[in-house]
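Undergrad: generate coordinates for the sequence data below:
(one chain, ligands or ions: 2)
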Amino acid sequence: MPLPHVLLSAAVSLDGYLDDTGPERLLLSGPADFERVDEVRASVDAILVGAGTVRADNPRLLVNSAERRAARVAAGQAEYPLKVTVSATGELDPAARFWHTGGDKVLVTTEDGARRARALGIAAGIVPLGNVLDWRAALEYLHDRRGVRRLMVEGGGSVHTQLLQQELADELQLVLAPLFVGDPAAPRLFGPGAYQGGRLRLVESRRIEDVVLMRYRPTAPGVGERVAAADRHWLALACELAELCPPSETAFSVGAVVVAGDGSELARGYSREGNDPRVHAEEAALAKVGPDDVRLAGATVYSSLEPCARRASRPAPCARLILDAGVRRVVTAWREPDTFVPGADGSGVLAGGGAAVVVLDEYEDRAKAPNRHLEG
Ligand SMILES: NC(=O)C1=CN([C@@H]2O[C@H](COP(=O)(O)OP(=O)(O)OC[C@H]3O[C@@H](n4cnc5c(N)ncnc54)[C@H](OP(=O)(O)O)[C@@H]3O)[C@@H](O)[C@H]2O)C=CC1
Ligand SMILES: Nc1c(N[C@@H]2O[C@H](COP(=O)(O)O)[C@@H](O)[C@H]2O)[nH]c(=O)[nH]c1=O
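TA: Ligands and ions are numbered 1, 2, ... in the order given. Prediction:
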């Protein structure tokens, strides 16, 4: 199921705190960084915070710049992004500024929470999603029912921790402020628990007055059938690689990436790479990894098109090459049509060899784009 692009945004002290325990919100960002935050807010469809942040900060979560709001309206968007909060208890102050400023608001909650929020007279769309709140279901609701494609999450720590640990965060925008809090009772940015293995990918670092913005992307693939946000990132890259293929009237243009379990890229390839008119994307990528590389056992192959099950041009089809390399997880965007090989079932071959196959068909159009001339 497609989910919104989830961008976690936070400012943190040098000792890892989001706030102190005083009654006022601790300003970790400086003026220029708050301006940057405003720009990010203006670029998203919705802003989400946990109920703890609504209670602690009484935030408005607006786009403050009139120019940015006007640009949103000119682009056909709502003046303000949708505001979303999550609560299990529904125990929220109906007079909080969150409900009475900006545009549409929604409270995503449990059945009990919805009863409580209604009794309190919370002025928002109240959406119960069962007896316990499942984050994936909440994100699906926002995507499917509220049209949210980009979601900015502005804390607090409990929400950031869960979204990262459940591998639902596509991006982390972290501002490091040059001060210490030093109070163990203050809220921390990330709590304990099981995070993805390996290192996140640093995509940008920028000085903004006396703070530093760091933008990270989680890169570790999901496990088995479970889809992680990073799976979408790598599959999108495979689709981009497909665009590099020399054109052909008799073969698909496909891109592939091999990624280790800790999120490091092992190799990439595309069809007909290196002037080899027959080479397939997965084959080209796997050829760049040493056959004894122990990371292959925990790796995922991302391929814009389902790996082939049969081929005339080489003895082994890509599904077999993948299994023989020891890889046991494949993520693809597009099941192979009957264009060249009727009834090809690379997924069946892979599953028969014990590999998990995940099809993210929301990327199908991107995978098909360099192959349009073959349709019909
Ligand atoms: N420096 C910064 O950038 C930021 C700082 N902050 C600070 O963070 C602090 C708040 O963080 P924190 O205390 O972690 O609170 P959160 O904002 O993360 O909210 C936690 C609350 O959200 C609800 N919630 C979270 N997960 C779920 C779930 N899975 N199901 C149902 N409800 C859920 C619960 O509400 P309920 O209890 O109602 O059931 C929970 O108590 C504040 O001090 C604030 O100032 C916040 C944002 C940014
Ligand atoms: N303190 C802090 C942040 N706090 C975030 O900003 C929210 C307040 O928004 P508003 O009421 O619209 O001004 C607050 O609830 C929390 O989500 N953000 C940052 O980028 N840097 C900071 O230092």
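Undergrad: how about the one helix or strand V159 maps to, does it reach ligand 2?
TA: In the assignment (DSSP states H and E), V159 maps to helix 157-165. No: Helix 157-165 lies out of reach of ligand 2 by Cβ under 6 Å from any ligand atom, never closer than 9.7 Å. Every C-beta, even on glycine, is put in place using the N, C-alpha and C of the backbone.
Undergrad: what packs against that helix?
TA: Here helix 157-165 touches strand 5-13, strand 46-50, helix 51-57, strand 150-153, going by 3 or more Cβ pairs under 8 Å, 6 or more residues apart in numbering; DSSP states H and E.
Undergrad: could you dump those to a markdown table with mean pLDDT, mean neighbour count and distance to ligand 1?
TA: Output for the helices and strands packed on helix 157-165, formatted as a markdown table (pLDDT from 0 to 100; neighbours: other Cβ atoms under 10 Å; distance: least, Cβ to the nearest ligand atom, whole Å):
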| stretch | mean pLDDT | mean neighbour count | distance to ligand 1 |
| --- | --- | --- | --- |
| strand 5-13 | 98 | 22 | 4 |
| strand 46-50 | 98 | 24 | 2 |
| helix 51-57 | 97 | 20 | 2 |
| strand 150-153 | 98 | 24 | 9 |
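Undergrad: mind listing what's buried along the longest helix seen in the chain?
TA: Using DSSP state H, we find that the single longest helix of the chain is helix 229-242. By 16 or more other Cβ atoms under 10 Å, the buried positions in helix 229-242 come out as 229-239, 241-242.
Undergrad: same question for stretch 369-376.
TA: 370-371, 374.
Undergrad: can you pull out the strands in the stretch 101-250 of the chain?
TA: Ranges of strands within the stretch 101-250 of the chain are 105-109, 125-128, 150-153, 171-177, 201-208, 211-217, based on DSSP state E, counting those that start in this stretch.
Undergrad: before we move on, back to that, now the angle from the helix holding V159 to strand 46-50?
TA: 120 degrees (axes from the mean of the first three to the mean of the last three Cα atoms, to 10 degrees).
Undergrad: pull the distance from helix 157-165 to the chain's centre.
TA: Remark: helix 157-165 is offset 13 Å from the chain centroid, using Cα atoms, centre = their mean, to the nearest Å.
Undergrad: can you list contacts of it?
TA: 6, 8, 10, 18, 48-50, 52-53, 86, 135, 153, 169, 172, 187-191, 193-196, 218 (Cβ atoms under 8 Å, 6 or more residues apart in numbering).
Undergrad: may I have that helix as CSV, with CA atoms only?
TA: The C-alpha coordinates for helix 157-165 follow below in CSV (Å, rounded to 0.1, in the frame of the first residue of the first chain):
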residue,chain,number,x,y,z
GLY,A,157,10.3,12.0,21.0
SER,A,158,7.8,9.1,21.4
VAL,A,159,6.4,9.6,17.9
HIS,A,160,9.8,10.0,16.2
THR,A,161,11.1,6.9,18.0
GLN,A,162,8.2,4.8,16.9
LEU,A,163,8.2,5.9,13.3
LEU,A,164,12.0,5.2,13.0
GLN,A,165,11.8,1.9,14.8
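Undergrad: what pLDDT, on average, does that helix get?
TA: Averaging pLDDT along helix 157-165 yields 97.
Undergrad: for the stretch 1-150 of the chain, which residues are neighbours of ligand 2?
TA: Going by Cβ under 6 Å from any ligand atom, the residues of the stretch 1-150 of the chain near ligand 2 are 11, 25-29, 37, 49, 53, 57, 59-62.
Undergrad: filter those down to the buried ones.
TA: 11, 26, 28-29, 37, 49, 53, 57, 59, 61-62.
Undergrad: can I get the buried residues of stretch 369-376 in JSON lines including pLDDT and distance to A284?
TA: Shown next, in JSON lines, are the buried residues of stretch 369-376 (pLDDT from 0 to 100; distance: Cβ to Cβ, whole Å):
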{"residue": "P370", "pLDDT": "95", "distance to A284": "15"}
{"residue": "N371", "pLDDT": "95", "distance to A284": "17"}
{"residue": "L374", "pLDDT": "86", "distance to A284": "20"}
